[in-house]
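Undergrad: Attaching a predicted model along with its sequence, questions to come.
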Amino acid sequence: MSAPSIDQLKKKDADSIEKIVAEEAGKLQQQGEEELEQANAKGREFLEEANEKGKEFLKEAKKELNHLEEEGKDLLSKLVAWVKSTATCVGETLTKVSSDAQVATSNAVSKTAVELQNPVVVAQVAVVAGGIGAGYLAYLEKHRINTDNKYVVGIHASIITGLVLLDGYLFTTYYPKYDKKAAK
C-alpha cells in the first residue's frame, strides 16, 4: 500500500474546497431567497397598510363630500375627481416601487450567489478581510511603528504594493478559469 501522490492530495483538497464553496453558496442563496421573501412580505404589508389608509382617507373624504354636496354640486364633482386621480396615482407609484425593489433584490441575490461559487472571489473576500484586520491592527499599534525612519516606511509601502499587485495578478489569472457565468 503506497502513500497517496501529491496530485491525489491536491485533487482531494480541490474537491473538498469546491464542495465547501458550493455548500456556502447554497446557504447564501437560501439566505438571499429568505431575505427576498421577507422583503416581499414587507412590501405587501406596506401596500396593504397604504391601501387601508387610502380607504380610510376615501371614507373620510366621502363624508366631507356629502356635507359639501349640500353646498354645491360643482365643488363636489371637482373634489371627487381630484381624490380619485390622486389615489390612482399613489397606488400606481406604490405598485411600481414595490415591483422595482423586488426585482433589484432578486437580481442582487442571484448575482451574489453566482459570484460566491467562484473560489477566487471567496479568496478575494478573505484577502480584503485580512487587509482590513491588518490595517486596524496597524492603527492600534501606530505609536510603536517608527515612521521617522525612511527605510521602515519604504519597506512597508513596498510590501503593501507587492501584495496588491500579486493579488491583482492572481485574480485576473484565475477568475476566468472558475467563473460560473462564462460557462452558461
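TA: Received it, and whenever you're ready, just let me know what you need. Everything numeric in this text was worked out from a predicted model, so none of it was measured. Numbers count the residues shown, from 1 in each chain.
Undergrad: if I look at Gly43, how far off is Glu35?
TA: As defined by CB to CB, to the nearest Å, Gly43 lies at a distance of 12 Å from Glu35. For the C-beta atoms, the positions are set from N, CA and C on the backbone; glycine is no exception.
Undergrad: correction: Ala50
TA: Taken as CB to CB, the spacing of Ala50 relative to Glu35 amounts to 22 Å.
Undergrad: which residue packs closest to the residue positioned nearest the centre of the chain, ignoring adjacent ones?
TA: Closest to where the C-alpha atoms of the chain average out (CA atoms, centre = their mean) is Ala108, at 5.5 Å. Of all residues not flanking Ala108 in the chain, Gly32 sits nearest, at 7.9 Å (CB to CB, 6 or more residues apart in numbering).
Undergrad: what's around that neighbour, how many residues?
TA: Applying other CB atoms under 10 Å, we find 19 other residues in the vicinity of Gly32.
Undergrad: And for Ser85?
TA: Residues contacting Ser85 under the criterion other CB under 10 Å number 10.
Undergrad: That one is in what secondary structure piece?
TA: Assessed by DSSP states H and E, Ser85 sits inside helix 73-115.
Undergrad: any low-confidence regions in the chain?
TA: Low-confidence segments of the chain, defined by pLDDT under 70, are located at 1-4, 9, 67-70, 72-73, 75-76, 146-147, 182-184.
Undergrad: per-domain residue ranges of it.
TA: As assigned by automatic domain parsing, the chain contains the domains 1-115, 118-184.
Undergrad: how close does Ile159 get to Asn149?
TA: Relative to Asn149, Ile159 is positioned 15 Å away (CB to CB).
Undergrad: could you list every residue that touches the closest residue to Ala87 other than its chain neighbours?
TA: Beyond its immediate neighbours in the sequence, the residue positioned closest to Ala87 (CB to CB, 6+ apart) is Gly54, lying 5.6 Å away. Listed by CB atoms under 8 Å, 6 or more residues apart in numbering, the contact set of Gly54 reads Ala87, Val90, Gly91.
Undergrad: Out of these, flag the one nearest to Gly154.
TA: Gly154 has its nearest neighbour among the contacts of Gly54 in Val90, at 62.6 Å by CB to CB.
Undergrad: Touching, that closest one and Ala50? I think so.
TA: Yes: with contact defined as CB atoms under 8 Å, Val90 and Ala50 form a contacting pair (7.5 Å).
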